[in-house]
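[1] below: sequence and its predicted model.
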Amino acid sequence: MIREGKVFLDIKLPQVISSRMPVFYNPDMVVNRDMSLLIVLAFVGEGAVVCDPMGASGVRSLRFLLEAGASKVIYNDINLKALEEFKRLIEINGADGSKIEFYSEDASLLLRKLKGCDYVDIDPFGSPVTFLESGILPVKRSGLLGVSATDTAVLSGTYPLTCIRRYGSKPLLEAEFYHEVGIRILIKKVVEEGAKMDFAIIPIFCYSHKHHFKVFFKKELGARRADEVLKNLGYITYCSNCLYREVARLESMKEFCPICTNKMLYAGPLWIGKLWDEKLVDKVWELKDRIILSQNSLKLLKRIKEEAKKQTVGFYTLSAIGERLKVSNLPTLKKIIFLTDGTRTHFSGEGFRTLLNHRDLLKLVENIKG
Ligand SMILES: C[S@@+](CC[C@H](N)C(=O)[O-])C[C@H]1O[C@@H](n2cnc3c(N)ncnc32)[C@H](O)[C@@H]1O
Ligand SMILES: [Zn+2]
């Protein structure tokens, strides 16, 4: 028996977790499920109507009922075997299935028939792009949408042509904050999918963990509100020689680095607004003991709590400073965070954010070099 939160599963795990499992269950994705429960609890409260349209084993659905006090869960998976396993899971756990609606059909079709959901969780294999439009529709006003993406290599720049085709944006593998660029591209895509239907889709919490990104969005209604949100789309220009970076609009993008005259690289269009709603982050932190969290989730949450206080676009890493700025006597991460009044970032174990402008950071680095 595997235990996740309050749920017991009797699933035999294969050596390698893959989409070819008869019914999919990935223990590493406990972080994804933990976070979805917590964010819904913090944002909606108890009594939420939750839709789990790619439910697989159903562990998320059942946890929403047993741990997050959902009033109704709409479970679906196109794989009929998954639905059967979910019913068995409910039995094994002696849970009350009367608050669950069961479906086994294509998620896009089902989502188009639903309405009034407080939360919809889009969690497919790979990219979520094909489910975005239908996923946004059943979320009620001021409700929540959760989007997972496991095509992080595409979003982060390993396959730039695929990223441009799938998301309509150029990634930036050359930057030390390439994962952050990836998540900002994913956010842009979801925001645009909402805007075209006159919905304002606003990111309020996100993270990157192992092989997945997860972003939670608030849905508001109205063309004017959607236009406001679209103002947060833009570009990042970046110098791979001196690490200079700048948020830019298309019309104001610099071709050459204002510091070292190197040719600038760019990423985008992407989300240049905040990644976290600080009030929500505080609330999530307050409520963290209400859910049985994995150690990894707790670690992630702790880091994001700090990181959300310094919401810069992009961050630095020790290795980029060492290699590109030729610093041989690198200080520790702790020291450089002290010197720059920075914070750590959950995106990288050796990364830090600082509100110092780049010229001041370069001066500080020159001092370190001595
Ligand atoms: C990554 S798994 C979901 C994991 C699950 N949400 C969890 O937390 O354990 C993706 C699931 O989507 C299902 N699926 C794939 N295509 C689908 C579709 N078009 N409609 C509904 N379900 C689909 C698969 O059968 C699989 O169980
Ligand atoms: Zn430069």
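    It's in. Note that the structure is a prediction, hence the values are computed from the model and not measured. Ligands and ions are numbered 1, 2, ... in the order given.

[2] name the nearest residue to the spatially most central residue of the chain, sequence neighbours excluded.
    Centroid check for the chain by Cα atoms, centre = their mean gives residue 214 as the closest residue, at 2.6 Å. Of all residues not flanking residue 214 in the chain, residue 148 sits nearest, at 5.1 Å (Cβ to Cβ, 6 or more residues apart in numbering). Quick note: C-beta positions are derived from backbone N, CA and C, even for glycine.

[3] and what of residue 60?
    Closest residue to residue 60 apart from its sequence neighbours, by Cβ to Cβ, 6+ apart: residue 33 at 4.8 Å.

[4] residues contacting the one you found?
    By Cβ atoms under 8 Å, 6 or more residues apart in numbering, the contact set of residue 33 is 4, 5, 59, 60, 63.

[5] ok, and of these, which contact ligand 1?
    Counting by Cβ under 6 Å from any ligand atom, 59, 60 from these sit close to ligand 1.

[6] would you mind listing what in this structure touches ligand 1?
    Within the chain, the positions near ligand 1 by Cβ under 6 Å from any ligand atom are 24-25, 29, 33, 53-57, 59-60, 76-79, 82, 106-107, 123-125.

[7] just to be sure, residue 17 is in a helix?
    No - assessed with DSSP: H, G, I helix; E, B strand; the rest coil, residue 17 is coil; it does not lie in a helix.

[8] contact partners for residue 147?
    In this structure, residue 147 makes contact with 122, 128, 132, 135, 186, 190, 214, 215, 216, 217, judged by Cβ under 8 Å, 6+ apart.

[9] likewise for residue 89?
    Taking Cβ under 8 Å, 6+ apart, we find residue 89 in contact with 7, 9, 57, 58, 59, 62.

[10] do the same with residue 216
    35, 36, 39, 43, 144, 145, 146, 147, 203, 204, 205, 206.

[11] gap between it and residue 246?
    Computed as Cβ to Cβ, to the nearest Å, the residue 216 to residue 246 distance reads 28 Å.

[12] likewise for residue 181?
    Counting by Cβ to Cβ - residue 181 and residue 246 are separated by 14 Å.

[13] those two: which is more packed in?
    Between residue 181 and residue 246, counted using other Cβ atoms under 10 Å, residue 181 has the larger neighbour count: 28 against 19.

[14] rebuild the contacts of residue 33 as CSV, extending it with pLDDT.
    Formatted as CSV, those follow (pLDDT from 0 to 100):
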residue, pLDDT
4, 97
5, 97
59, 98
60, 98
63, 98
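
[15] ok, so of the contacts of residue 33, who is nearest ligand 1?
    For the contacts of residue 33, the residue nearest ligand 1 by Cβ to the nearest ligand atom is residue 60; the value is 4.2 Å.

[16] for residue 256, give me phi and psi.
    Residue 256 adopts backbone torsions of phi -120, psi 150, taken as degrees, to the nearest 10.

[17] isn't it right up against residue 263?
    Yes - judged on Cβ atoms under 8 Å, residue 256 makes contact with residue 263 at a distance of 6.2 Å.

[18] tell me the buried residues in stretch 275-285?
    Neighbour counts over stretch 275-285 (16 or more other Cβ atoms under 10 Å) mark 275, 276, 277, 280, 281, 283, 284, 285 as buried.

[19] tell me the contacts of the last one?
    Going by Cβ under 8 Å, 6+ apart, residue 285 touches 301, 305.

[20] what helix or strand does it sit in?
    helix 278-287 (DSSP states H and E).

[21] ok, then the element right after that helix?
    Counting by DSSP H and E, the next helix or strand C-terminal to helix 278-287 is helix 295-307.

[22] what's that following helix packed up against?
    Packing partners of helix 295-307 (3 or more Cβ pairs under 8 Å, 6 or more residues apart in numbering; DSSP states H and E): helix 30-43, strand 199-209, helix 278-287, strand 343-345.

[23] direction included, what does the helix or strand just after the longest one pair up with?
    Beyond helix 30-43 in the direction of the C-terminus, DSSP H and E gives the next helix or strand as strand 49-52. Here strand 49-52 has these sheet partners by DSSP bridges: strand 72-76 (parallel), strand 117-122 (parallel).

[24] what number of residues lie near residue 10?
    Number of residues near residue 10 (other Cβ under 10 Å) recorded here: 10.

[25] repeat for residue 133
    15.

[26] and this structure, which of its residues are near ligand 2?
    Residues of the chain lying near ligand 2 by Cβ under 5 Å from the ion: 239, 241, 242, 244, 257, 259, 260, 262.

[27] how does it look with 8 Å?
    239, 241, 242, 243, 244, 257, 258, 259, 260, 261, 262, 264 (Cβ under 8 Å from the ion).

[28] what angle separates the helix or strand containing the residue nearest to residue 214 from strand 117-122?
    Assigned by DSSP H and E, residue 148 falls within strand 139-149. Strand 139-149 runs at 20 degrees relative to strand 117-122, counting by axes from the mean of the first three to the mean of the last three Cα atoms, to 10 degrees.

[29] give me the buried positions along the helix or strand following strand 139-149.
    Counting by DSSP H and E, the next helix or strand C-terminal to strand 139-149 is helix 152-156. Under the neighbour-count criterion of 16+ other Cβ under 10 Å, helix 152-156 has 152, 154, 155, 156 buried.

[30] try stretch 292-311
    Under the neighbour-count criterion of 16+ other Cβ under 10 Å, stretch 292-311 has 292-294, 297, 300-301, 303-308, 310 buried.

[31] and residue 247, backbone torsions?
    Residue 247 adopts backbone torsions of phi -80, psi 130, taken as degrees, to the nearest 10.

[32] if we can go back for a sec, OK, contacts around the residue nearest to the centre of the chain?
    Contact analysis of residue 214 by Cβ under 8 Å, 6+ apart lists 32, 35, 36, 146, 147, 148, 149, 206, 207.
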